[in-house]
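Chemist: The sequence isn't on hand, but the structure is:
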C-alpha cells in the first residue's frame, strides 16, 4: 500500500539541500543589485497566486523594512478581466510562481514589461514563460516538485526573496546557520507529533501571524486546507481583532506563528484577548509567550526573526502533512487540485 | 424584549439617505481632481483595516481600471512594529476608516505625510485624527453608526471611492439611478428570506467574487463572521482554485457575488468546477449564471457592474443580519467586538 504523504514528506525534507543549492549560487544576485538605482525604482509590485502569493507577502515586508520602498500586491484581474493599461513609471514588478506558466500571470507580466516596468521573475523552471519574458530570472533551484501541495518551492521562494534584498542592501548572509537549522528541523522525527495528536478537524482552526510571521500564517492555513479538507483562515493578528475574533469559542484551536526574535508587542493584545475565550493555543516557532497547556511546535533559532521564519516554514508544512495523514487523507494528491493551476 | 438586530437593520436601511447626502455634496470632489497631475502621482497606497480594508479593494480596482495607476494596500506593521522609513516620491496615500482613530493607521498616515506622500483620508468624523492630518478629507456623511457591524459607513466608503475616481476621470454619475436602486433594495421586505431559510451554520460557507465583486465577497464573509459566530472565508474565485477548493464538499454552501453586468468569463471556470461537487450555490446580485436549485439574492440593476456593486452591498448586509437573527444572535452587539478597534 502506498504510504500517504510520502512525496510531500520527502519534498519538505529536501529543503536543506535546496537551501544549499541557492546559497552556493548567491553570486546570481550580484547582477541586479544596481537595478534599483539605475532604474530609479520608486515602487514595487509583486505578482503571484496561491502559495507564491504568501511568499510575496514575505518579500513585501523585506522590501518595505530593509529598502524602504512601498510594495503592492497586484490584482491580476485588473488586466486579465478589465484590460487595464497600467502605468509603470519607475516601477519594479516581481513575478513569483513555481511553474511560471499560469496564463493570467504571464498576461499581466507581459503587459507590465511592454509598459516599461522593470520585470524580475522567480520560478522553478528557467524555460517557463515567466522566466523567458523577465529582464532577470532567478531560478528557485528546488528540483522537480511532484506533490500537489507546494513545500520546498515555497521555502526556496522565501530564501531567494531574502537573498535578493540582502544583495540590494549589502547585508551579510549567515548561510551556514540557515542550512544547519534547516537540517536540524528536517531530521527531528517528533517535531509536530504532540500538536497533531492534540488537534481535531471537528472544531475551528485559525492561524495568526503579524509582520514577517504573517506570510507563514497564510501558508499554514492554505497548506492545511489543501491537504485536510477543512476550511482554515490565515490572518494578521491585527485584522483578526477587527472582526473574525467574533467567531472564537472555547473550542477554537488558535495557531500563532511566532518565530524566534519576533517583536513580542506585535501579538500581546491579540493573545490576551484570545486567552479570555480559548486556551487551545499552539505556537509555531520559538518566539511567542507560551504558558499553561499551550503546545509548542518548536522552530529554528536563527539570528533574527526574518531568517527564523524561512526555516520555520518547514514546521508548518510538517504539521499539515502529518495532520492530513492522521486524518486519513493523502496530502500528496488532494481532491480537486492539480499541480499547476492555469487561471485565465 | 429588545428586537435582535434592530440597530443594524435600521442602519442598512439608511443607506439611500446616506447616498443622497453624498451625491448632493458631489462638488466636494472638485477640489482634488487636479491632485494627480500637480503631484505627478505615479502610484497609490491605501491604508485601512477590517471593513474599510474591503472598501479599499474596491477603490484599488477603480483606480487601476479607470486611471491606470498601480495601487498597493499597506501593511501598517511595516511602520508600527518594524519602524520602516518608507519613501513616497510621487505617491498618493489614501486612508479609509469609519472612526478615523485607530493608532496604527494614524501612526502610518502621519509618517507618510511627513515623508512627503500626498495624503487623502475618508472617515465618518471630520474631527478625527485621520481627518485632521490629511491634505484632503472626505466625510462619509453616514451619520452616527451604532451597530458594531459596520454597514452604511461601508456603503458610503464605496460611493465616496466611486465619486473620487469619477471626478478624476470626468465621468458622469447617474445619481438618480444609484439612489433609486438603493431605495428599492432597502424597502424589499423579502429580499433575503429564501436564502436565510436555506442556509445552515452547520456546514461550511464560502463567499467568492472576482474583480469589482471581490470587495463585497470579502465584506460578506466578514459580516457573517462578525454577526453569526462562524468562520467564513471571502476569496477571489481565482485564488479559490489555487487551494481552498480542496475543502469543498457536497454540503458546502458557496455564495458567489455576481452584480449585474459582471463579466461572465471571470467566474465560469470556478463555477464549472464547483458544480461538480456542490449544488448549494447562492448568487448575490443580478449577474452570474444561476440554474437548477440555485438561490438568487436579487440585487440592483444599475448601468454597470461598478455601481451595481455599491448598491448590492446592502443585500449581503441584509443577509448577514437576518441570518444572525434566525440563528438566535444579536447582530447589533457581536461577542468579542467593540465598535472602534484601537490597534497599536
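Modeler: Received it, and whenever you're ready, just let me know what you need. Here the structure is a predicted model, which means the values were calculated and not measured.
Chemist: surely residue A:237 meets residue A:209?
Modeler: Yes. Residue A:237 lies in contact with residue A:209 (Cβ atoms under 8 Å); the separation is 6.8 Å. For the C-beta atoms, the positions are set from N, CA and C on the backbone; glycine is no exception.
Chemist: what sits in contact with each of those two?
Modeler: residue A:256 (Cβ atoms under 8 Å, 6 or more residues apart in numbering or on different chains).
Chemist: Longest helix in chain A, please.
Modeler: Longest helix of chain A, by residue count under DSSP state H: helix A:305-326.
Chemist: does any bit of that helix sit next to chain B?
Modeler: No. Applying Cβ under 8 Å from any Cβ of the partner chain, one finds helix A:305-326 separated from chain B by no less than 9.4 Å.
Chemist: And that helix, how far out from the chain middle?
Modeler: Put simply, helix A:305-326 sits 10 Å off its chain's centre (Cα atoms, centre = their mean, to the nearest Å).
Chemist: about what we covered before: neighbour count: residue A:237 and residue A:209, which is higher?
Modeler: Set side by side, residue A:237 and residue A:209 show more neighbours around residue A:209, with 32 against 27, by other Cβ atoms under 10 Å in any protein chain shown.
Chemist: Now the phi/psi pair for the more buried one, please.
Modeler: Here the main-chain torsion angles of residue A:209 (degrees, to the nearest 10) amount to phi -170, psi 160.
Chemist: just checking, it touches residue A:219?
Modeler: No. Using Cβ under 8 Å, residue A:209 is not in contact with residue A:219, being 9.4 Å away.
Chemist: Could you name every residue contacting both of these two?
Modeler: residue A:234.
Chemist: Get me the contact residues on the stretch 1-150 of chain A for chain B.
Modeler: A:42-43, A:45, A:49-51, A:53, A:57, A:60-61, A:64-65, A:68-78, A:81-82, A:84-91, A:104.
Chemist: Narrow these to those that are buried.
Modeler: A:42-43, A:45, A:49-51, A:53, A:57, A:60-61, A:64-65, A:69-78, A:81-82, A:84, A:86-91, A:104 (16 or more other Cβ atoms under 10 Å in any protein chain shown).
Chemist: Now, the residues you listed that are in helices?
Modeler: Per DSSP H, the subset of these in helices is A:50-51, A:53, A:57, A:60-61, A:77-78, A:104.
Chemist: quick check, nearest of those to residue A:309?
Modeler: The nearest member of these to residue A:309, counting by Cβ to Cβ, is residue A:61 at 9.5 Å.
Chemist: show me the contacts for that closest one.
Modeler: Contacts for residue A:61 were tallied using Cβ under 8 Å, 6+ apart; they are A:211-212, A:214-215, B:75, B:78, B:82.
Chemist: and if you look at residue A:191?
Modeler: Residues near residue A:191 by Cβ under 8 Å, 6+ apart: A:185, A:297-298, A:315, A:318.
Chemist: Is it possible to get JSON lines of these that adds distance to residue B:153?
Modeler: Output for the contacts of residue A:191, formatted as JSON lines (distance: Cβ to Cβ, whole Å):
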{"residue": "A:185", "distance to residue B:153": "46"}
{"residue": "A:297", "distance to residue B:153": "40"}
{"residue": "A:298", "distance to residue B:153": "44"}
{"residue": "A:315", "distance to residue B:153": "40"}
{"residue": "A:318", "distance to residue B:153": "43"}
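Chemist: got CSV for those residues, with neighbour count and pLDDT too?
Modeler: Listed next are those as CSV, based on neighbours: other Cβ atoms under 10 Å in any protein chain shown; pLDDT from 0 to 100:
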residue, neighbour count, pLDDT
A:185, 22, 98
A:297, 24, 98
A:298, 17, 97
A:315, 26, 98
A:318, 25, 98
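Chemist: And the helices in chain A, which stretches?
Modeler: Here chain A has its helices, by DSSP H, at A:6-13, A:15-24, A:35-38, A:50-62, A:77-80, A:103-114, A:129-133, A:152-169, A:175-186, A:193-197, A:214-228, A:237-241, A:268-275, A:305-326.
Chemist: Pick the most deeply packed of these.
Modeler: Ranked by mean neighbour count, the helices of chain A are led by helix A:214-228 with a mean of 29 (mean count of other Cβ atoms under 10 Å in any protein chain shown).
Chemist: That one vs helix A:305-326, what angle?
Modeler: Angle of helix A:214-228 versus helix A:305-326, following axes from the mean of the first three to the mean of the last three Cα atoms, to 10 degrees, is 10 degrees.
Chemist: Any idea how far helix A:214-228 is from the middle of the chain?
Modeler: Here helix A:214-228 shows a centroid-to-chain-centroid distance of 9 Å under the convention Cα atoms, centre = their mean.
Chemist: partner residues bridging the residue in chain A that chain B sits nearest to?
Modeler: When distances are taken as Cβ to the nearest Cβ, chain A reaches nearest to chain B at residue A:72, 2.1 Å away. Here residue A:72 shows beta-bridge partners residue A:45, assigned using DSSP bridges.
Chemist: Quick check: it touching residue A:43?
Modeler: Yes. Taking contacts as Cβ under 8 Å, residue A:72 lies within contact range of residue A:43: 7.0 Å.
Chemist: Quickly list what's touching both of the two.
Modeler: Joint contacts of residue A:72 and residue A:43 (Cβ under 8 Å, 6+ apart) are B:43, B:70, B:72.
Chemist: got a list of what residue A:5 touches?
Modeler: A:321-322, A:324-325, A:330-332 are the contacts of residue A:5 under Cβ under 8 Å, 6+ apart.
Chemist: Any idea which residue is closest to the centre of chain A?
Modeler: residue A:55 (3.7 Å; Cα atoms, centre = their mean).
Chemist: Run through the residues that contact that residue.
Modeler: Shown in contact with residue A:55 (Cβ under 8 Å, 6+ apart): A:48, A:96, A:154, A:157-158, A:161, A:215, A:219.
Chemist: Could you find the closest non-adjacent residue to it?
Modeler: Distance criterion Cβ to Cβ, 6 or more residues apart in numbering or on different chains; nearest residue to residue A:55, sequence neighbours excluded, is residue A:157 at 3.6 Å.
Chemist: can you list contacts of stretch A:321-329?
Modeler: A:4-5, A:8-9, A:12, A:149, A:151, A:192-193, A:195-197, A:199, A:201, A:224, A:227-229, A:330-331.
Chemist: hmm, try it at 6 Å
Modeler: A:4-5, A:8-9, A:192, A:196, A:201, A:227-228, A:331 (Cβ atoms under 6 Å, 6 or more residues apart in numbering or on different chains).
Chemist: quick revisit: which one of the helices of chain A has the poorest average confidence?
Modeler: Lowest mean pLDDT within those: helix A:35-38, at a mean of 84.
Chemist: my guess is residue A:255 meets residue A:207, correct?
Modeler: Yes. Here residue A:255 reaches residue A:207: they are 4.5 Å apart, a contact under Cβ atoms under 6 Å.
Chemist: okay, now residue A:278: neighbour count?
Modeler: Neighbourhood size, residue A:278 [other Cβ under 10 Å]: 17.
Chemist: what sits against it?
Modeler: Residue A:278 is in contact with A:248, A:250, A:252, A:254, counting by Cβ under 6 Å, 6+ apart.
Chemist: Buried by neighbour count, from the residues you listed: which ones?
Modeler: Buried among these by 16+ other Cβ under 10 Å: A:248, A:252, A:254.
Chemist: quick check: domain ranges of chain A?
Modeler: A:6-173, A:187-326 (automatic domain parsing).
Chemist: Contacts only, for residue A:236.
Modeler: Counting by Cβ under 6 Å, 6+ apart, residue A:236 has contacts A:210, A:214.
Chemist: same question, residue A:110
Modeler: residue A:133.
Chemist: now do residue A:210
Modeler: Counting by Cβ under 6 Å, 6+ apart, residue A:210 touches A:236-237, A:266-267, B:77.
Chemist: Mind pulling up the pLDDT for the residue of chain A closest to chain B?
Modeler: Value for residue A:72, per-residue pLDDT: 97.
Chemist: And it, how close does it get to residue B:98?
Modeler: For residue A:72, the distance to residue B:98 (Cβ to Cβ, to the nearest Å) stands at 24 Å.
Chemist: What is the end-to-end distance of stretch A:249-265?
Modeler: Stretch A:249-265 has an end-to-end distance of 24 Å (Cα to Cα, to the nearest Å).
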